[in-house]
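Chemist: Give the three-dimensional model of this entry:
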Amino acid sequence: MRQSESLQGARVKIGFLLNHEQIHQVAHAAPIAYALSRARPDFDVTIITGSQALADEAQRYAPRFAGHHAKFVQLSLSLPMRFANRLLRGFAPVEKVALLRAHAKYLNGFDAIVTPEKTALFLRTRFGATHPKIIHTRHGAGDRAIGFDASGAKFDFALLSGQKIADRLREVGNLPPAHTISGYPKFDAVGAFDPPTNKLFNNDRKTVLYAPHPSPHLSSWYDWGRDVLEFFYQSSEYNLIFAPHVMLFQRRLNISLDRLRAARPGTLPVRYEQCDHMLIDRGSRRSVDMTYTKAADIYLGDASSQIYEFLVRPRPCLFLDPAKRNWAGDLNFDHWRAGDVLRDISGLGDALKQVQENHETYASTQAEMFAYAFDITDEPSSERAARAIAEFVEGGR
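Modeler: From the prediction side, this is the model:
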């Protein structure tokens, strides 16, 4: 008899909480839920979603995990709270906090809550759900300081993608006492190492992926974004995939939390949407499942963690720096070591040619950066993470 069955006859209840306005975090947690339910049928594994879109996205990955027994529960809000969310959703994440508050009693019935984002800590600090262990899967493997802030240390257990994350958290004093390096479950969900299968453009041009971050403090979009789009609109050499971080156009006003700054993302001219050699994607499923990072020949960006997913295969990279930062040695911009950094947007055409010509000077650095960010072994990351969660939860019962 497994330990989880012998303890007062109770089954271990694990809830995977997916509670965000957008779908980009789902692939960092749902694969672990499927792997855990398949490996431990004596556990009750429930995928808890804050919207139908999140549930649909989680179910999209289920076929890769045949034999799983995970259940689904979708949380909802009262009519007044839904109305308030519609009024405020363009400016603040009202809905996900309201869902935690409304369903704290239900969530308190789990032995552990596994989540890719930090708002779930409110369950314990604000809403009295003190029973479950709260486990952080994190999402992405980027370098932004906010990903290593003090809130990360408040989780009972953390799953880290690679040694880079552990070293950075340790350096700033925010490494949770209980943690493990378990790889990157998203890679299992999306077939990251499979060759690209979709031909996105009906031509033989080189394809550039422009993936700006939403943070006004860090993003190239607010200063140079429209110049970038116009360059590619006029180009006879390149295709462009414009697939920014899914939160760029989610709100009418974006606010940087690490350094206070606010900016409006604005709108796009219709001509870009109608251009045969430009693909505009503000946040569809393809923008989060590595379709674009696998298909592009060149990466163009700033602070988005998508750069690390792009480096699943070393390729030319170019980073945009309208702020003219003193970035060398700054760990928040460590990913800029993967390519050239452009400080004058008028030189974009020449810079794109140069990063293709000098890519070999960066290829080994890119491979090292990838290996440091992602600890990938023969055992699938989702299974490693599931095993680690089971051992942690049973060890504390």
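Chemist: Helices of the stretch 101-250 of the chain, start to end?
Modeler: 104-107, 122-125, 163-171, 185-190, 226-234 (DSSP state H, counting those that start in this stretch).
Chemist: Could you list the residues in contact with stretch 94-107?
Modeler: When contacts are defined by C-beta atoms under 8 Å, 6 or more residues apart in numbering, stretch 94-107 is touched by residues 15, 17, 19-21, 48, 50, 75, 77-78, 81, 84-85, 88-89, 113, 119-120, 122-123, 126-129, 132. To be clear about C-beta, it is placed using only N, CA and C from the backbone, and glycine gets the same treatment.
Chemist: Mind checking which of the residues you listed are buried?
Modeler: Among the contacts of stretch 94-107, those scoring as buried are 15, 17, 19-21, 48, 50, 75, 77, 81, 85, 113, 119-120, 123, 127, 129, 132 (criterion: 16 or more other C-beta atoms under 10 Å).
Chemist: Return the subset of the residues you listed lying in strands.
Modeler: Cross-referencing these against strands under DSSP state E gives 15, 17, 48, 113.
Chemist: and of the helices of the stretch 101-250 of the chain, who's closest to residue 27?
Modeler: Checking these against residue 27 by C-beta to C-beta gives helix 185-190 as the closest, at 4.1 Å.
Chemist: For the stretch 151-300 of the chain, which segments count as strands?
Modeler: Assigned by DSSP state E, counting those that start in this stretch, the stretch 151-300 of the chain shows strands spanning 157-160, 179-181, 206-211, 238-242, 254-256, 261-263, 278-280, 298-301.
Chemist: can you redo the ones you listed as TSV with mean neighbour count?
Modeler: Formatted as TSV, the strands of the stretch 151-300 of the chain follow (neighbours: other C-beta atoms under 10 Å):
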stretch	mean neighbour count
strand 157-160	26
strand 179-181	21
strand 206-211	22
strand 238-242	24
strand 254-256	18
strand 261-263	14
strand 278-280	18
strand 298-301	25
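Chemist: Would you single out the least confident of those?
Modeler: Ranked on mean pLDDT, the bottom entry among the strands of the stretch 151-300 of the chain is strand 254-256, at a mean of 81.
Chemist: who's in contact with it?
Modeler: By C-beta under 8 Å, 6+ apart, strand 254-256 touches 214, 215, 216, 217, 218, 247, 248, 261, 262, 263, 264, 265.
Chemist: Nearest residue to the third one in space, please, no chain neighbours.
Modeler: The shortest distance from residue 216 to any non-neighbouring residue, by C-beta to C-beta, 6 or more residues apart in numbering, is to residue 263 (3.8 Å).
Chemist: Would you mind measuring from the one you found to residue 223?
Modeler: Going from residue 263 to residue 223 by C-beta to C-beta, to the nearest Å gives 9 Å.
Chemist: wait, which of the helices of the stretch 101-250 of the chain is closest to residue 271?
Modeler: helix 226-234 (6.7 Å).
Chemist: Who are the packing partners of the closest one?
Modeler: Contacts defined by 3 or more C-beta pairs under 8 Å, 6 or more residues apart in numbering; DSSP states H and E place helix 226-234 against strand 206-211, strand 238-242, helix 270-273, strand 278-280, helix 348-357.
Chemist: Just put these in JSON lines and tack on distance to residue 318.
Modeler: Compiled in JSON lines, those are given as follows (distance: least, C-beta to C-beta, whole Å):
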{"stretch": "strand 206-211", "distance to residue 318": "8"}
{"stretch": "strand 238-242", "distance to residue 318": "12"}
{"stretch": "helix 270-273", "distance to residue 318": "20"}
{"stretch": "strand 278-280", "distance to residue 318": "18"}
{"stretch": "helix 348-357", "distance to residue 318": "5"}
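Chemist: Figure out which of these is closest to residue 384.
Modeler: strand 206-211 (27.6 Å).
Chemist: ok and that closest one relative to strand 238-242, angle-wise?
Modeler: Here the directions of strand 206-211 and strand 238-242 differ by 20 degrees (axes from the mean of the first three to the mean of the last three C-alpha atoms, to 10 degrees).
Chemist: So in that sheet, which strands flank strand 206-211, and in what orientation?
Modeler: Counting by DSSP bridges, the strands paired with strand 206-211 are strand 238-242 (parallel), strand 298-301 (parallel).
Chemist: Export only the CA atoms of that strand, formatted as PDB.
Modeler: Written as PDB, here are the backbone C-alpha positions of strand 206-211 (Å, rounded to 0.1, in the frame of the first residue of the first chain):
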ATOM      1  CA  LYS A 206      14.200  34.700 -44.000                       C
ATOM      2  CA  THR A 207      11.700  35.000 -41.200                       C
ATOM      3  CA  VAL A 208      12.200  37.300 -38.300                       C
ATOM      4  CA  LEU A 209      10.300  36.900 -35.000                       C
ATOM      5  CA  TYR A 210       9.700  40.200 -33.200                       C
ATOM      6  CA  ALA A 211       8.700  39.400 -29.600                       C
END
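Chemist: Run through the stretch 101-250 of the chain and note the low-pLDDT ranges.
Modeler: Applying pLDDT under 70 to the stretch 101-250 of the chain flags no residue at all.
Chemist: for the stretch 251-397 of the chain, same thing?
Modeler: Using pLDDT under 70, the stretch 251-397 of the chain drops low at 257-258, 396-397.
Chemist: hang on, the earlier thing: what pairs with the residue nearest to residue 216 across the strands?
Modeler: residue 254.
Chemist: Hmm, residue 215 and it touching each other?
Modeler: No: applying C-beta atoms under 8 Å, one finds residue 263 not in contact with residue 215, separated by 9.2 Å.
Chemist: tell me the contacts of residue 277?
Modeler: With C-beta under 8 Å, 6+ apart, residue 277 has these contacts: 201, 203, 205, 232, 235, 238, 239, 240.
Chemist: And the fourth one, how far from residue 205?
Modeler: Residue 232 is 10 Å from residue 205, where distance means C-beta to C-beta.
Chemist: what do these two both touch?
Modeler: Residues touching both residue 232 and residue 205 (C-beta under 8 Å, 6+ apart): 238, 239, 277.
Chemist: Distance check, residue 244 against residue 310.
Modeler: 14 Å.
Chemist: Between those two, which contacts overlap?
Modeler: With C-beta under 8 Å, 6+ apart, residue 244 and residue 310 have no common neighbours.
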